[in-house]
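**Student:** show me how the following folds:
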Amino acid sequence: MFKFLKDVVAGSGSGLKDFPYTIGEPHASAWGSWAHHRGASKDDGSPVSIFSLSGSNPQDRHLVAGRNGVKRLRTVRHPNILSFLHSTEAEVPDGPAVKHTIYIVTEPVTPLAEKIKELNLGGTQRDEYFAWGLHQISKAVSFLNNDCKLVHGNVCLASVVVTQTLDWKLHAFDVLSEFDANNEAAGSPVLQFEWLVGNQYKPMELTKSDWASIRKSPPWAIDSWGLGCLIYELFSGGKLTRTEDLRNIASIPKSLLPDYQKLLSSTPSRRMNPSKLIDNSEFFQNKLVETIQFMEVLNLKDSVEKDSFFRKLPNIAEQLPREIVLKKLLPVLASALEFGSAAAPALTVLLKMGSWLPADQFSAKVLPTIVKLFASNDRAIRVSLLQHIDQFGESLAAQTVDEQVFPHIATGFSDTSSFLRELTLKSMLVLAPKLSQRTISGSLLKYLSKLQVDEEPAIRTNTTILLGNISNYMNDGTRKRVLINAFTVRALRDTFPPARAAGIMALSVTSSYYEMTEVATRILPNIVVLTFDPDSDVRTKAFQATDQFLQIAKQHHEKLNSGDNRAAESTGVQLKPGNTGLLGWAMSSITQKGRPSDDGPVSTANASNSQVSASPSATSDAHSAPIAYAPSTSNSLDQTAPALSSSSVDGWGELENDNQGENGSDNEGWDDVDPFEEKSPPSLLSNIQAAQKRPVVQLKQPIPSSSRSNPPMAPKAEDDALWGPMAAPAPKGASKSADKKPPVSHNDADDLWGSIAAPQPKSSGRPSKPAAANSDDLWGAIAAPPPATKARPLASSGRGRGTKPAPKLGAQRIGRTSSTGM
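**Tutor:** Predicted coordinates:
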């Protein structure tokens with residue numbers, strides 16, 4: 001036997017110089033004569049357990065039994081049996097003498113007695129954990145007895161160890177032997193090393209060495225007795241010292257007591273088979289055992305069972321021992337998610353369990369699984385990740401986000417689901433600080449450019465808010481090219497009122513990034529227009545922003561007067577209380593039932609604006625209580641409706657195109673959006689006041705030369721004083737007199753209404769006869785002239801008497817044979 005181990009064990013007899021593990025501190029207890037040490041691998045530092053057994057000479061009977069244990073542990077593999085890694089035998093100097101020592105390296109484990117003290121469980125939680133452990137040891141014993149026809153011989157508290165995931169495993173195979181039932185008459189011992197077993201753990205037939213009776217008994221007879229001893233030691237809290245103590249059943253749970261008595265039956269043939277204990281014991285029917293068993297066969301369950309299980313798991317996890325949840329359930333759940341056997345609701349449970357871990361353990365145990373899940377094609381998994389990104393986003397490393405996470409998240413920007421696009425957009429608030437400048441300028445802004453013309457108004461609004469929030473992560477050149485175009489040309493012209501309000505807020509929050517020239521020529525003109533916006537919230541924010549930027553201009557003026565040439569370096573001022581809500585998402589009106597059609601065409605300015613609260617599914621930031629506004633059906637502004645097509649050329653242009661723009665400058669496609677330079681209609685009140693201060697000029701009506709039309713009656717002088725400046729000019733006739741222009745006053749160029757006066761309609765026919773004007777009618781002077789056509793007036797439509805039918809459309813035969821007509 002010794003020669004066999006010498007041959008199969010690498011490095012045996014060569015000392016510990018080639019031993020690839022470091023031996024650490026010993027545990028307080030171990031089975032038999034073995035010593036249990038903590039250890040670590042010299043290669044990667046991973047933890048291991050090292051068991052050592054020493055003897056004075058190679059033929060020491062303890063060493064002989066130990067070699068049997070090494071051989072059995074190498075060859076027997078089961079999930080509930082200690083995993084073997086390495087073994088060696090060496091001569092170790094011990095003073096003047098030399099000891100022969102066997103080393104076994106296994107997975108890192110702790111003696112069960114120590115782990116029970118460490119967990120310090122009580123009540124129902126203790127019983128549930130003991131039930132799970134006994135369930136595992138019973139499966140290991142059943143495997144040895146029923147499948148392998150082996151007898152362990154010494155199942156007890158000392159022969160059980162606990163892994164890092166709190167699983168119980170059976171070891172101490174020194175006594176392990178084959179069960180030879182065929183040779184019933186033989187008197188040779190079944191257990192060659194039965195002398196290693198303490199007398200308190202031996203059943204009556206083993207104490208008497210009645211090998212014939214043992215051979216007639218079932219293979220599990222001895223180990224079933226051992227299971228009874230293990231149960232007693234677990235619940236009594238102490239080591240078994242006498243066999244008679246097994247009759248003390250005060251500490252045994254009532255649900256386990258019938259099985260306990262069957263395991264310790266005085267008749268070997270009547271002892272319970274461990275397999276029946278696993279299947280039939282009422283003690284094993286609890287939440288912890290059922291939960292772990294379900295998760296171990298998760299890939300065999302259908303989707304309905306999985307969904308039902310994972311929706312109940314958060315409440316169950318609250319009731320289970322916290323250490324067991326974190327060390328046992330969490331790794332199993334992470335593995336199930338990583339390999340695709342768990343459904344999307346499992347991610348919520350994983351993050352909840354992960355929140356109970358310290359930050360370093362969360363990064364080591366949970367984050368690697370989450371990073372792998374971002375590559376999943378399951379839309380439900382992606383949605384769940386984005387919905388909970390605030391729980392783990394801060395823990396992600398910047399390099400991991402930039403290289404592994406963002407490329408997968410970016411696919412959501414162009415997803416067909418508006419709900420997923422919005423979640424992807426909001427996730428950037430957490431991830432943007434961890435992105436490199438290359439990713440922000442080259443990828444992220446291109447996606448945001450498309451989202452700002454998205455068909456969903458909520459997405460357009462939140463895109464503007466996101467740009468305002470992440471502006472401090474852009475470099476100066478990117479901010480100069482992007483922000484003003486994004487906020488003024490797009491957001492302030494959006495047909496959705498909250499989008500315009502978001503543009504105003506974004507400009508206010510980013511005011512420190514603009515030069516004074518930009519404030520005066522591009523920002524203030526666009527904001528002032530919104531001070532008479534149909535929506536009251538937009539007007540309020542417009543006035544606040546106007547005050548803010550005027551304060552900036554005033555500070556700039558004062559600094560210039562004081563000779564401070566650095567006035568343009570800082571333009572920001574303290575925000576007003578009304579502008580402190582930008583960090584919160586403005587709204588989220590996207591639901592799975594449908595989307596609101598609230599970015600329709602702009603109608604008259606008399607339509608009313610309605611406000612409705614955000615939908616229950618809306619997500620918002622904790623800093624504000626966002627309001628979702630109903631579509632504004634009125635707008636007196638000439639606003640540009642957002643483009644709904646997904647063409648490659650959007651409002652900002654492609655970021656990678658560096659040659660766009662009038663001057664061919666490096667604008668990253670942002671400067672292809674023309675600034676808002678069109679003239680807005682002047683205020684009615686200011687123009688009327690200005691007109692009242694100027695002399696009133698009486699406009700004379702032109703007299704057409706046609707004899708068929710009568711000139712309209714000239715209005716009175718007092719009428720001219722009231723309505724003359726805004727009277728519409730008379731239409732031009734088709735005769736020669738149509739080329740004549742009406743008399744114009746010498747100060748007509750100063751007329752404030754001239755720039756917005758309606759153009760004179762062109763006519764090629766003769767004007768129809770106007771109705772006689774009443775001299776007392778103040779509206780007669782500004783009445784619109786009747787339209788003129790090439791044919792006769794519309795009065796001769798063919799319906800009255802004495803009228804000629806209207807000519808038919810299409811090709812007509814023209815009679816040229818007679819000059820008298822039809």
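
**Student:** need the three-state assignment for Thr110.
**Tutor:** With DSSP: H, G, I helix; E, B strand; the rest coil as the basis, the three-state label of Thr110 is strand.

**Student:** what's the burial count for it?
**Tutor:** Neighbourhood size, Thr110 [other C-beta atoms under 10 Å]: 18. To be clear about C-beta, it is placed using only N, CA and C from the backbone, and glycine gets the same treatment.

**Student:** how close does it sit to Pro253?
**Tutor:** Noted for Thr110: a distance of 24 Å to Pro253, by C-beta to C-beta, to the nearest Å.

**Student:** and what of Glu128?
**Tutor:** 11 Å.

**Student:** what about these two, which has more around it?
**Tutor:** Glu128 (22 against 15).

**Student:** now do the closest residue to Asn154 other than its chain neighbours against Val371, distance only.
**Tutor:** Closest residue to Asn154 apart from its sequence neighbours, by C-beta to C-beta, 6 or more residues apart in numbering: Val197 at 4.6 Å. Using C-beta to C-beta, Val197 is found at 50 Å from Val371.

**Student:** which one's more surrounded, those two?
**Tutor:** Taking neighbours as other C-beta under 10 Å, Val197 and Val371 compare with Val197 leading, 21 against 17.

**Student:** can you report phi and psi for that one?
**Tutor:** As for Val197, its main-chain torsions (degrees, to the nearest 10) stand at phi -80, psi 130.

**Student:** same check, this time on the one 5 residues further on
**Tutor:** Summarising the backbone geometry of Lys202 under the convention degrees, to the nearest 10, its torsions are phi -90, psi 130.

**Student:** show me the contacts for it.
**Tutor:** 194, 225, 243 (C-beta atoms under 8 Å, 6 or more residues apart in numbering).

**Student:** what pLDDT does the model give it?
**Tutor:** Lys202 is assigned 93 on the pLDDT scale.

**Student:** could you do Lys216 as well?
**Tutor:** So Lys216 comes in at 88 (pLDDT).

**Student:** do the same with the one 5 residues further on
**Tutor:** The predicted structure scores Ala221 at 94 on the pLDDT scale.

**Student:** mean confidence score for the helix or strand containing Asn469?
**Tutor:** Using DSSP states H and E, the element containing Asn469 is helix 457-470. On average, the pLDDT along helix 457-470 is 94.

**Student:** just the CA coordinates of that helix, formatted as PDB?
**Tutor:** Provided in PDB are the C-alpha atoms of helix 457-470 (Å, rounded to 0.1, in the frame of the first residue of the first chain):
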ATOM      1  CA  PRO A 457     -42.100  63.700 -26.300                       C
ATOM      2  CA  ALA A 458     -41.000  62.300 -22.900                       C
ATOM      3  CA  ILE A 459     -37.800  61.000 -24.400                       C
ATOM      4  CA  ARG A 460     -37.100  64.400 -26.100                       C
ATOM      5  CA  THR A 461     -37.700  66.200 -22.800                       C
ATOM      6  CA  ASN A 462     -35.500  63.800 -20.800                       C
ATOM      7  CA  THR A 463     -32.700  64.000 -23.400                       C
ATOM      8  CA  THR A 464     -32.500  67.700 -22.900                       C
ATOM      9  CA  ILE A 465     -32.400  67.200 -19.100                       C
ATOM     10  CA  LEU A 466     -29.600  64.600 -19.500                       C
ATOM     11  CA  LEU A 467     -27.500  66.900 -21.600                       C
ATOM     12  CA  GLY A 468     -27.800  69.600 -18.900                       C
ATOM     13  CA  ASN A 469     -26.800  67.100 -16.200                       C
ATOM     14  CA  ILE A 470     -23.800  65.600 -18.000                       C
END
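
**Student:** how far does stretch 237-255 stretch from one end to the other?
**Tutor:** In stretch 237-255, first residue to last residue: 18 Å (C-alpha to C-alpha, to the nearest Å).

**Student:** hang on, Phe51 is in a helix, isn't it?
**Tutor:** No - counting by three-state DSSP, Phe51 is not part of a helix but strand.

**Student:** who does the closest residue to it other than its chain neighbours form a beta bridge with?
**Tutor:** Excluding the flanking residues, the one nearest Phe51 by C-beta to C-beta, 6+ apart is Ile104, at 4.4 Å. On the basis of DSSP bridges, Ile104 is bridged to Phe51, Ser87.

**Student:** OK, contacts around Ile104?
**Tutor:** 50-52, 69-70, 73, 84, 86-87.

**Student:** nearest to Gln551 among these?
**Tutor:** For those, the closest approach to Gln551 (C-beta to C-beta) belongs to Ile50, at 73.8 Å.

**Student:** quick one: that closest one and Ser41 touch, right?
**Tutor:** No - here Ile50 lies out of contact with Ser41, judged by C-beta atoms under 8 Å, at a distance of 10.7 Å.

**Student:** who's more crowded, those two?
**Tutor:** Ile50 (24 against 15).

**Student:** check the gap between that one and His171 for me.
**Tutor:** Applying C-beta to C-beta to Ile50 and His171 gives a distance of 13 Å.

**Student:** any residues in contact with both of the two?
**Tutor:** Thr106.

**Student:** state the mean pLDDT of stretch 548-566.
**Tutor:** 86.

**Student:** and if you look at stretch 177-197?
**Tutor:** 77.

**Student:** quick one: end-to-end distance for that stretch.
**Tutor:** Note: stretch 177-197 ends 13 Å apart using C-alpha to C-alpha.

**Student:** next, count neighbours for Lys254.
**Tutor:** 9.

**Student:** let me know the secondary structure of it.
**Tutor:** Here Lys254 takes the coil state, with states given by three-state DSSP.

**Student:** can you tell me how far it sits from Asp402?
**Tutor:** Lys254 is 59 Å from Asp402, by C-beta to C-beta.

**Student:** also Val175?
**Tutor:** 58 Å.

**Student:** so for these two, which residue has more residues nearby?
**Tutor:** Between Val175 and Asp402, counted using other C-beta under 10 Å, Val175 has the larger neighbour count: 23 against 18.

**Student:** quick one: residues contacting the residue lying closest to Ser443 once chain neighbours are set aside.
**Tutor:** In space, and not counting its chain neighbours, Ser443 is closest to Ala410: 6.3 Å by C-beta to C-beta, 6+ apart. Ala410 is in contact with 424, 443-444, 447, counting by C-beta under 8 Å, 6+ apart.

**Student:** could you dump those into CSV with secondary structure, pLDDT and distance to Ala346 added?
**Tutor:** Shown next, in CSV, are the contacts of Ala410 (DSSP: H, G, I helix; E, B strand; the rest coil; pLDDT from 0 to 100; distance: C-beta to C-beta, whole Å):
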residue, secondary structure, pLDDT, distance to Ala346
Thr424, helix, 95, 22
Ser443, helix, 93, 30
Leu444, helix, 94, 30
Tyr447, helix, 95, 29
